[in-house]
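Asker: Take this sequence and fold it.
(one chain, ligands or ions: 1)
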Amino acid sequence: MFIYISGLKKSYMSGEVKTEVLKGIEMQLEKGEVGVILGPSGSGKSTLMNILGGIDRCDSGKVLVDGVEINKLNENQLTDFRREDIGFIFQFYNLVPNLTVGENIEVVSNISKSPFNIDEVLKAVEMQDKKHRFPRELSGGEQQRVSIARAIVKNPKLLLCDEPTGALDFQTSRSILKLLQKVNKEFGTTILMITHNAAIAAMANRVFKVRSGEIVETVVNQVTVPAERIEW
Ligand SMILES: Nc1ncnc2c1ncn2[C@@H]1O[C@H](COP(=O)(O)OP(=O)(O)OP(=O)(O)O)[C@@H](O)[C@H]1O
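Answerer: Purely as a prediction, here's the structure:
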């Protein structure tokens, strides 16, 4: 199993008060699959994703990514894991404003061990014509395409997407989801995506429903729906 999570717990302290945010998560995803995490605001989705991406650490439980138990890595190993194996896409694009599209991608490619070719990745996200533009000269959807290119150029094992269409209108959202599906097929990248939108679950191989820090249901879709046919 490519992602294997068992008994994962995480609490936060605010002052004297301890809040258990993840209460024993069980979750599995195969290599090359698309997983969707669905759940209401505050249910622990981002916390789970941050632990899986090596941004945060769990208190207890097992978290394996491609056979590596990431909660056992030291700080340097965790940094390497995050840098080399994980691509992140967020709701807001976090592009460097004074670098062009090409340069934003090059910064990541330069520090990667086995990056894809920048022009190929730009072509895949249909942004090859805008390589020399600055982020402020792009629409929201175009900026998200660039942030996807930046996340995949490093040839990550796992692409983690936290509400990637949260700031986009429905047509643009659909084109971004279509692009993620294409990345999954063409580059074979395993994708795990957080969303509030239950309709998006139709494009996933596995859907994890989170409530108050627990996975209350896992749905395995035998047939996945192409993004362009998702009903909103
Ligand atoms: N660093 C932190 N310190 C204290 N509490 C935190 C911290 N990070 C998250 N929390 C709390 O953990 C809970 C879960 O947060 P999380 O961001 O994982 O939820 P979410 O499901 O992703 O929500 P949303 O859909 O609104 O982004 C929330 O109650 C939040 O306030």
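Asker: make it CA atoms for all contacts and neighbour counts henceforth
Answerer: OK.
Asker: what does this protein put close to the ligand?
Answerer: Within the chain, the positions lying close to the ligand (Cα under 6 Å from any ligand atom) are 12, 14, 21, 40-47.
Asker: Helix or strand with the lowest mean pLDDT in this protein?
Answerer: Using mean pLDDT, DSSP states H and E, helix 170-187 stands out as the lowest-scoring helix or strand of the chain, at a mean of 90.
Asker: which secondary structure elements does it contact?
Answerer: Applying 3 or more Cα pairs under 8 Å, 6 or more residues apart in numbering; DSSP states H and E, one finds that helix 170-187 contacts helix 140-152.
Asker: avg pLDDT for the helix it packs on?
Answerer: Per-residue pLDDT over helix 140-152 has a mean of 93.
Asker: Following element in sequence after that helix, please.
Answerer: strand 158-162 (DSSP states H and E).
Asker: Show me the residue at the heart of the protein, geometrically.
Answerer: What sits nearest the mean C-alpha location of the chain, by Cα atoms, centre = their mean, is residue 160, with 1.4 Å.
Asker: ok, now which ones touch that one?
Answerer: Remark: with contacts taken as Cα atoms under 8 Å, 6 or more residues apart in numbering, residue 160 is in contact with 49, 53, 86-89, 191-193.
Asker: Go again with 10 Å.
Answerer: By Cα atoms under 10 Å, 6 or more residues apart in numbering, the residues touching residue 160 are 35, 49-50, 52-53, 86-90, 151, 190-194.
Asker: beta partners of it?
Answerer: Beta-bridge partners for residue 160, by DSSP bridges, are residue 88, residue 192.
Asker: The helix or strand harbouring residue 51 versus strand 158-162: what angle between them?
Answerer: Element membership for residue 51, per DSSP H and E: helix 45-52. Counting by axes from the mean of the first three to the mean of the last three Cα atoms, to 10 degrees, helix 45-52 lies at 160 degrees to strand 158-162.
Asker: At which residues are the helices of this structure located?
Answerer: Counting by DSSP state H, the segments of the chain that form helices are 45-52, 75-85, 101-110, 118-124, 140-152, 170-187.
Asker: List the buried residues for the longest one?
Answerer: In terms of neighbour count (16 or more other Cα atoms under 10 Å), helix 170-187 has its buried residues at 172-184, 187.
Asker: burial of the residue lying closest to residue 40 once chain neighbours are set aside, as a residue count?
Answerer: Spatially, and ignoring its direct neighbours in sequence, residue 40 is nearest to residue 196 (6.6 Å; Cα to Cα, 6 or more residues apart in numbering). For residue 196, the neighbour count with other Cα atoms under 10 Å is 17.
Asker: ok, now the one 3 residues further on?
Answerer: In terms of burial, residue 199 registers 12 neighbours under the definition other Cα under 10 Å.
Asker: so it makes contact with residue 228?
Answerer: No: shown here, residue 199 and residue 228 do not form a contact pair, counting by Cα atoms under 10 Å, at 11.8 Å.
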